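Participant: Below is the structure, and that's it, no one-letter string:
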């Protein structure tokens, strides 16, 4: 069957390449142009290695995920092709019973960095290689590092704060510099457009450091408003992070939990930097001075100015915008830098311009997490059991589509979850609770428990399946996770019927409650904050039932099932882009078709690099690689021909445009056939 399909594709390929253009009465004449594919499997020329392939500011490590939300815009978007065919590759410190609440950061040398919150003797900044082997850990940071994610600069140096100090480390773990006597803990850190290190503590005090020496580069600036404190504080559920996080006098479990959930403190979220003008945007929650002041959300805009005479720089507050409800997410910025997005605690989605003026708002009616901004500017927001796709139309916003995972998944998976066993009922005098459990009187539930992360072709989100329970007497409502999954979705860019398709589920060993890190090699890094699992484990032990889901903490790394999965994903993505170009040509939209053809050329370049890497690693045979690269060169030439034809058609009469349209379609179809051939070869 495989041979018959291959033969059929080859016959179609020959027809489209050689006969179809002549049927239209005119042969295609193309001038000689530079091709980027080299015969005999040579590498791409250095001129093709663009630094901005990573779409990162120049002072950030040019790597897959150098900071908490991936880039300065807080986009949670990796501009590369990924795969939905994933399996568990390895786990780290899963036996150490250490929660990890911030994401894995990837350095330019490929090292992985993350923080824990145990005693100093444990070491709370960890470095691993990409195979999960520990390279080093630092014993300098206290448990305040638990809520502070490191950031990596262009040289691979790391910057991170703990409860009262700020550090910089070289990639080999040696200390670069340290600043003591500061007011922490630090909520987050960024790199300014000029390369300075800017960090913000939980009470809104902003420090600026020289990246080389650690010396202050500006006077600290305190943001206006008071921290909400007791007026906006929630009590952590019983048993949270028991033995998983070290509690200090100035940083209790309650403090950490409130910081993670966006309560009690003025600043708990990561700031964003506008790539166009360098303006810094910070989301906060504060109250004004006065006895009866209410707690409200705030968006601060700051500018950092440096002096050409090498004197101290200056932080200047550009604006302060107050919103009705406490802020619920980190701010994020549109690709063009014109719009700033922020969501409050009640699910109202705000869009501001660069100067803090509100443009539009949407009500999502869920408690959201920070959004991801996809390759075409679509904004994805997850909260509760729902996922929203939002289109920024400029002067207004619109919900493209929404998914309720509870409705989609509940019938297929949740009803098959294992029931809870009760091995020690007689040890507890909880008659009402026992009767409720015996009657299975608890509600199945689904909770998304990570920030959504996006690649060029997929969305990634983790969720937990389990039961919602209420303990009689104190009416404590808590979620009991039974199974955890990483969910992969493929969004559609269809204008007529936009939607997303669930591609795959991969089991996870624990709850996540954080950011998913994506790697260019197709890896997905999941950190386990173990909030839901540690609480459920503690309560279950108190009331005497057996919980199958145990908190383990640590990190889990998933990767492609097969060595060729990422290549096949790249081919499929290119195939989809080519079909989109065909649709644009059929509707006479030459500009969109032209842009799509250029994008497909870039995708073919990426495919060439992936095949070369696979050959060098022994994943792809020499013969298959040579044939595939030869076909890639043919496909690239066909797209170059289509590009020239579309350029010429833009200024011609309707009849000549029609002829050019058919020729360009033939070339693109040829490229589609070639991509299918490559997939068969691999």
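Facilitator: Cool, got the structure. These numbers come from a predicted model, not from an experiment.
Participant: hang on, residue 629 packs against residue 607?
Facilitator: No. Contact criterion C-beta atoms under 8 Å: residue 629 and residue 607 do not qualify, at 9.3 Å. Glycine gets a C-beta too; all of them are placed from N, C-alpha and C.
Participant: quick one, which of the two is more surrounded?
Facilitator: Taking neighbours as other C-beta atoms under 10 Å, residue 629 and residue 607 compare with residue 607 leading, 24 against 21.
Participant: low-scoring stretches of the stretch 501-650 of the chain, by residue?
Facilitator: Applying pLDDT under 70 to the stretch 501-650 of the chain picks out residues 543-546, 548.
Participant: Equivalent analysis for the stretch 251-400 of the chain, please.
Facilitator: Looking at the stretch 251-400 of the chain by pLDDT under 70, you get 289-293, 308-311.
Participant: Strands of that one, start to end?
Facilitator: Counting by DSSP state E, counting those that start in this stretch, the stretch 251-400 of the chain has strands at residues 272-273, 280-287, 295-305, 314-323, 332-333, 340-343, 348-352, 358-363, 372-373, 379-383, 386-392, 397-404.
Participant: Just send the ones you listed back as CSV, with distance to residue 618 too.
Facilitator: CSV is the format used below for the strands of the stretch 251-400 of the chain (distance: least, C-beta to C-beta, whole Å):
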stretch, distance to residue 618
strand 272-273, 41
strand 280-287, 46
strand 295-305, 48
strand 314-323, 52
strand 332-333, 40
strand 340-343, 44
strand 348-352, 48
strand 358-363, 50
strand 372-373, 35
strand 379-383, 37
strand 386-392, 39
strand 397-404, 40
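Participant: mind checking which of those strands is nearest residue 194?
Facilitator: Between residue 194 and those, the tightest spacing by C-beta to C-beta is seen for strand 295-305, at 7.2 Å.
Participant: what's that closest one packed up against?
Facilitator: strand 280-287, strand 314-323, strand 340-343 (3 or more C-beta pairs under 8 Å, 6 or more residues apart in numbering; DSSP states H and E).
Participant: Can you add distance to residue 527 and mean neighbour count and give the ones you listed back as JSON lines?
Facilitator: Output for these, formatted as JSON lines (distance: least, C-beta to C-beta, whole Å; neighbours: other C-beta atoms under 10 Å):
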{"stretch": "strand 280-287", "distance to residue 527": "22", "mean neighbour count": "26"}
{"stretch": "strand 314-323", "distance to residue 527": "30", "mean neighbour count": "16"}
{"stretch": "strand 340-343", "distance to residue 527": "22", "mean neighbour count": "28"}
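Participant: Could you dump those strands into TSV and include distance to residue 184?
Facilitator: TSV is the format used below for the helices and strands packed on strand 295-305 (distance: least, C-beta to C-beta, whole Å):
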stretch	distance to residue 184
strand 280-287	17
strand 314-323	18
strand 340-343	25
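Participant: Which one of these lies nearest to residue 72?
Facilitator: Between these, strand 280-287 lies closest to residue 72; by C-beta to C-beta that is 9.3 Å.
Participant: what angle do the closest one and strand 295-305 make?
Facilitator: 150 degrees (axes from the mean of the first three to the mean of the last three C-alpha atoms, to 10 degrees).
Participant: Could you list every helix and strand in contact with strand 280-287?
Facilitator: By 3+ C-beta pairs under 8 Å, 6+ apart, strand 280-287 packs against strand 272-273, strand 295-305.
Participant: got TSV for those, with mean neighbour count and distance to residue 397 too?
Facilitator: Listed next are the helices and strands packed on strand 280-287 as TSV, based on neighbours: other C-beta atoms under 10 Å; distance: least, C-beta to C-beta, whole Å:
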stretch	mean neighbour count	distance to residue 397
strand 272-273	26	18
strand 295-305	20	17
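Participant: got JSON lines for the ones you listed, with distance to residue 74 too?
Facilitator: Formatted as JSON lines, the helices and strands packed on strand 280-287 follow (distance: least, C-beta to C-beta, whole Å):
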{"stretch": "strand 272-273", "distance to residue 74": "4"}
{"stretch": "strand 295-305", "distance to residue 74": "13"}
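Participant: nearest to residue 73, of the ones you listed?
Facilitator: Taking those one by one with C-beta to C-beta, strand 272-273 is closest: 5.8 Å.
Participant: and the host helix or strand of residue 572, how far out from the chain's middle?
Facilitator: Assessed by DSSP states H and E, residue 572 sits inside helix 565-586. Remark: helix 565-586 is offset 23 Å from the chain centroid, using C-alpha atoms, centre = their mean, to the nearest Å.
Participant: Could I get the contacting residues of the residue lying closest to residue 314 once chain neighbours are set aside?
Facilitator: Sequence neighbours aside, residue 305 is the residue nearest to residue 314 in space, at 4.9 Å (criterion: C-beta to C-beta, 6 or more residues apart in numbering). In this structure, residue 305 makes contact with 313, 314, 316, judged by C-beta atoms under 8 Å, 6 or more residues apart in numbering.
Participant: Closest one to residue 467 out of these, please.
Facilitator: Nearest member of the contacts of residue 305 to residue 467, counting by C-beta to C-beta, is residue 316, at 51.5 Å.
Participant: so how far is residue 216 from that closest one?
Facilitator: 16 Å (C-beta to C-beta, to the nearest Å).
Participant: Flag every buried residue along the strand or helix carrying residue 541.
Facilitator: With elements taken from DSSP H and E, the one containing residue 541 is helix 531-543. For helix 531-543, burial by neighbour count (16 or more other C-beta atoms under 10 Å) applies to 531, 532, 533, 534, 535, 536, 537, 538, 539, 540, 543.
Participant: And the average pLDDT for stretch 483-495 is what?
Facilitator: Averaged over stretch 483-495, pLDDT sits at 83.
Participant: mind checking which of the helices and strands packed on strand 280-287 is nearest residue 255?
Facilitator: Here strand 295-305 is closest among the helices and strands packed on strand 280-287 (C-beta to C-beta), at 17.2 Å.
Participant: So what are the sheet partners of that closest one and their directions?
Facilitator: strand 280-287 (antiparallel), strand 314-323 (antiparallel) (DSSP bridges).
Participant: angle of the longest one against strand 348-352?
Facilitator: To tie it back to what came earlier, the one meant is strand 314-323. Going by the same axes, to 10 degrees, strand 314-323 makes 140 degrees with strand 348-352.
Participant: ok, now the shortest one?
Facilitator: An angle of 130 degrees separates the directions of strand 280-287 and strand 348-352 when computed by the same axes, to 10 degrees.
Participant: Pull out the buried positions in the strand ranked longest in the chain.
Facilitator: Using DSSP state E, we find that the single longest strand of the chain is strand 476-491. The neighbour-count criterion (16+ other C-beta under 10 Å) identifies 478-491 as the buried residues of strand 476-491.
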